[in-house]
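Student: Provided below for reference: sequence and predicted model.
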Amino acid sequence: MENNHQSEFVGLSSRDAFGKQLLKLAKDDERIVALTADLASSTRLVEFKQAYPERMFNFGIAEQDMMGASAGFALTGKIPFVCTFAAFASMRACEQARTDIAYNNLPVRICASHGGIGLAAGGSTHHALEDLSIFRTMAGMTVLVPADGVQAAALVRAIMNLPGPSYLRLSRPTEPTIYTEDKEFPIGKADVLKEGKDLTIIAIGGMVGYTLKAIESLEAEGYSVGLINAYSLKPFDRETIRDAARNTQAILTVEEHNIIGGLGSATAEVLAEEGISVKFRRHGILDHFTTSAPYEDLIHHYKLDAEGIASVGRELLNY
Amino acid sequence: METEKVNSLQKIAQEIREDIVRTSRDCVEGVHIGGSLSLAEILAVLFFEVAKIDPKNPGWSERDRIVLSKGHGNAGFAAAMARRGFFPLEELKRFDLLDAPLSMHVDKHRMPGVEISSGSLGHGLPISVGIALSGLLDKAAWRVYCILGDGELMEGSVWEAVMSAAHYHLDNLTAIVDRNQFSLDGPTEEIMSLEPLADKFRDFGWFVLEVDGHNVENLLGAFHATGMNGKPKVIIAKTVKGKGVSFLENKTSSHFARLKPEQAEQALAEIAQAKEQIH
């Protein structure tokens, strides 16, 4: 059955959707420039380069120069998209992002691929498990993590007109499909995909899809489980998180990130400050460095696939 | 006419020095006095002759962009901007105070006309590369001037930008190195040797000029020199840290100081004497 409303971004990884959406935006807005540090193909800028070679700048393997230069582009009225791996955007060029971009409050869009353990076989040097924490602590920085290709495209459109800096985390592996039709996702909101009485799971990125599958097995066991896609990690949708916590017996967060500083921490801050007492657990990478393996094997190893998330949810429900 | 211009710029440089000394006397904690004094002629020439800027319209789209990469040179930079008319000179007296335009490191949120805040070293040249690329993309007539300290050339990020500026043929970019030979801990050649500096820039594909950074005519010549042929320009300005004040010149301790009233009096007397010798 052909669905006329189906988004062209369905089934694409968030990085593929990013490249495709940026190319479309660049057609209508000559102010858009793309910057990369020898990762044009990995961050899906090859078509952009072919279509608009004069607006594509490769800085070679020099992330600090690239990040600083993006501030220069923003200062002169361009709309810069900076593209590299999440590990390098957040750590190699961290100070340039913080001081040149965030402190100067410049609208640079840092679009970083290979978030989490996406470059699974690459090992810890190429895993980004600190990026969300790092960018979340930069004053004025918007931090977004799309759940799939359709949402990634929407968030690329959303950051186009942001007056301040933003960090968009993209994934190398294709995330399970959550959305099939194009729609806009407001910055600062979370998307309640499902309500539940026993447990509400708050997830981001590809983990939203794996959690959805985990919930199927938990519900088959008789539990009522909700799911929130907290794609806007900063600003964070406190009200939605608060309401879910008040209407459920337990809260579980799931992220492809160290459990320190990211979604789990953001949720814990809301629960503590709102004075809500609820069973609570942060799931993700449990504050250790990660090993390397194919992605499916790695998320299984760290209990981040549907089976693993279900097991952690079950543990929490029976705690 | 030419002599008049040179004399006038020399006088402005000495007035900037007087401002720096007064700031160093009146401040709460101290200022980066040595590396501000070494900048005086560079700032006078850039702000009062070379750069196309309009203090009444700091956001003028056709202005030349001046990036102070050595953000700690702000005592001199702010004096030049105030004298050029970006904000009242009296504001210099409130250095470091809560709501004053002037602070230890240049801050666009505080001081009108500042392109970008800086302070952490090694940031200004990459930013300037982005500005220059944007200017080339727009075929703009304006230029980018980036003022670097020599100490910050120890930062790897500077050399990343030195490479990209040459790679992208940024002949609308001029970098000025305040080569005063000192960083915080001592002489640069003891801390981390930079020489042969001109050769390094030349080998990286830059159009290199070495001048006496306290000679206004030399500086004017270097700023106006053409023949870059698609290369970015660097002016290595040989300067003296603490220039113009005998007890501060070429001293590691002049990096950051608060002058006692009697020290400031002596310093101002020395600068006044130098000013009298300008004809």
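Tutor: Right, received. Where do you want to start?
Student: residue numbers of chain B in contact with chain A?
Tutor: Proximity of chain B to chain A (Cβ under 8 Å from any Cβ of the partner chain) is limited to residues B:65, B:108, B:115-120, B:122-123, B:125-135, B:137-138, B:156-157, B:160-161, B:163-164, B:167-168. Quick note: C-beta positions are derived from backbone N, CA and C, even for glycine.
Student: now a ChimeraX select for only the buried ones of the residues you listed.
Tutor: Of the residues of chain B next to chain A, the buried ones go into a single ChimeraX selection, burial set by 16 or more other Cβ atoms under 10 Å in any protein chain shown:
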select /B:65,108,115,116,117,118,119,120,122,123,125,126,127,128,129,130,131,132,133,134,135,137,157,160,161,163,164,167,168
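Student: how about the strands in the stretch 101-250 of chain B?
Tutor: B:144-149, B:173-179, B:182-183, B:186-187, B:207-212, B:233-238 (DSSP state E, counting those that start in this stretch).
Student: hmm, back to that, which members of the residues of chain B next to chain A are positioned in helices?
Tutor: B:125-135, B:137, B:156-157, B:160-161, B:163-164, B:167 (DSSP state H).
Student: residue of chain A with the smallest distance to chain B?
Tutor: Using Cβ to the nearest Cβ, the closest approach of chain A to chain B is made by A:Gly72 at 2.2 Å.
Student: ok so, going back, TSV please, covering the strands of the stretch 101-250 of chain B and showing mean neighbour count.
Tutor: Output for those, formatted as TSV (neighbours: other Cβ atoms under 10 Å in any protein chain shown):
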stretch	mean neighbour count
strand B:144-149	27
strand B:173-179	28
strand B:182-183	26
strand B:186-187	13
strand B:207-212	19
strand B:233-238	24
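Student: so can I have a markdown table of those strands showing mean pLDDT?
Tutor: Shown next, in a markdown table, are the strands of the stretch 101-250 of chain B (pLDDT from 0 to 100):
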| stretch | mean pLDDT |
| --- | --- |
| strand B:144-149 | 98 |
| strand B:173-179 | 98 |
| strand B:182-183 | 96 |
| strand B:186-187 | 96 |
| strand B:207-212 | 98 |
| strand B:233-238 | 98 |
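Student: what residue, apart from its backbone neighbours, is nearest residue 29 spatially?
Tutor: In the absence of a named chain, chain A is used. Nearest residue to A:Asp29, sequence neighbours excluded (Cβ to Cβ, 6 or more residues apart in numbering or on different chains): A:Ile79, at 6.6 Å.
Student: try chain B instead
Tutor: In space, B:Glu29 is closest to B:Asp96, 6.1 Å off (Cβ to Cβ, 6+ apart).
Student: got the contact list for the one you found?
Tutor: B:Asp96 makes contacts with B:Cys27, B:Val28, B:Glu29, B:Leu102, B:Ser103, B:Met104, as judged by Cβ atoms under 8 Å, 6 or more residues apart in numbering or on different chains.
Student: mind checking which of the residues you listed are buried?
Tutor: B:Cys27, B:Leu102, B:Ser103, B:Met104.
Student: tell me how far whatever residue of the stretch 101-250 of chain B ends up closest to chain A lies from A:Glu269.
Tutor: Residue nearest to chain A within the stretch 101-250 of chain B (Cβ to the nearest Cβ): B:Gly130, separated by 2.2 Å. Going from B:Gly130 to A:Glu269 by Cβ to Cβ, to the nearest Å gives 35 Å.
Student: ditto for A:Gln151
Tutor: Relative to A:Glu269, A:Gln151 is positioned 24 Å away (Cβ to Cβ).
Student: compare the two (neighbour count), which wins?
Tutor: Taking neighbours as other Cβ atoms under 10 Å in any protein chain shown, A:Gln151 and A:Glu269 compare with A:Gln151 leading, 28 against 13.
Student: and the one helix or strand that one maps to, what does it pack onto?
Tutor: In this structure, A:Gln151 sits in helix A:149-160 according to DSSP states H and E. Where contact means 3 or more Cβ pairs under 8 Å, 6 or more residues apart in numbering or on different chains; DSSP states H and E, helix A:149-160 is packed against helix A:14-28, strand A:109-113, strand A:142-144, strand A:166-169.
Student: restricting to C-alpha, output it in CSV.
Tutor: Extracted C-alpha coordinates of helix A:149-160, given in CSV (Å, rounded to 0.1, in the frame of the first residue of the first chain):
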residue,chain,number,x,y,z
GLY,A,149,15.3,10.1,10.0
VAL,A,150,12.0,11.9,9.8
GLN,A,151,12.6,13.6,13.2
ALA,A,152,16.2,14.4,12.2
ALA,A,153,15.0,16.2,9.1
ALA,A,154,12.5,18.2,11.2
LEU,A,155,15.1,19.2,13.7
VAL,A,156,17.5,20.3,10.9
ARG,A,157,14.6,22.6,9.7
ALA,A,158,14.1,23.7,13.3
ILE,A,159,17.7,24.8,14.0
MET,A,160,17.8,26.7,10.7
